[in-house]
Structures are given as C-alpha cells and as structure tokens.
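*Asks:* What would the 3D arrangement of this be:
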Amino acid sequence: MDHLSERLENLRSQVQKLSVAFNQLNTKNEALEIENQELREKLSRKGEKIKALKEERELIINARSLTDVGMSSKEARLKINELVRGIDKCIAQLNQ
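*Replies:* Here you go, the predicted model:
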C-alpha cells in the first residue's frame, strides 16, 4: 500500500509540474500571437509606405520628363484634362 501511495503522489507531482509548464507555455503562446499580429500590421504599414513612395517616385520621374519636354506641370495638367474630356466624349458617343 505504501508503494502505491508513493506512486500516486509521484503522479500528482508530475501532473502538477505539467500543468504549470502548460500554463507557462500557453501564456508565452498568447504573447507570441500578439507580437505576431503586431508584426503583421507593421509589415502591412511598411508595404503601404513602399507603395506610396513608389507612386511618388513615378510622379517625380513624370514631372522631370515633362520639364525635359518643355511643359510645365500646369500645362501638363491642362493637356491631361483635355485628353480626359475627349475620352469622355468618345465614351458618351459609344453609349448612344
């Protein structure tokens, strides 16, 4: 009987240690999930910033090419607006 009691106490001790280890790992897992989510959000923001910078770079390149051609940005805007109006007229005629 004494041997059985000793084995039972040993099992209880092991279960308690496992329970503590499980709780610690569970807490660590939750912290890592939160950190993972924060890093995903940070990555997303960085991706958006990269996209915005690429668009800005394209605008700068286009503006430089316009000045190389001899057009100011105001003239270029007017020309683009004129082209858009022409496209809109064509679309309106197609829809009739």
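
*Asks:* For Asn81, what is the enclosing helix or strand?
*Replies:* helix 73-95 (DSSP states H and E).

*Asks:* remind me which residues of the protein are low pLDDT?
*Replies:* 1, 63, 66-71, 96 (pLDDT under 70).

*Asks:* In it, what residue spans correspond to helices?
*Replies:* Secondary structure of the chain, counting by DSSP state H: helices at 2-69, 73-95.

*Asks:* Now do the buried residues in the helix holding Asn81.
*Replies:* Ala76 (16 or more other CB atoms under 10 Å). For the C-beta atoms, the positions are set from N, CA and C on the backbone; glycine is no exception.

*Asks:* packing partners for that helix?
*Replies:* Under the contact criterion of 3 or more CB pairs under 8 Å, 6 or more residues apart in numbering; DSSP states H and E, helix 73-95 touches helix 2-69.

*Asks:* Just list what the helix it packs on packs against, helices and strands only.
*Replies:* Applying 3+ CB pairs under 8 Å, 6+ apart, one finds that helix 2-69 contacts helix 73-95.
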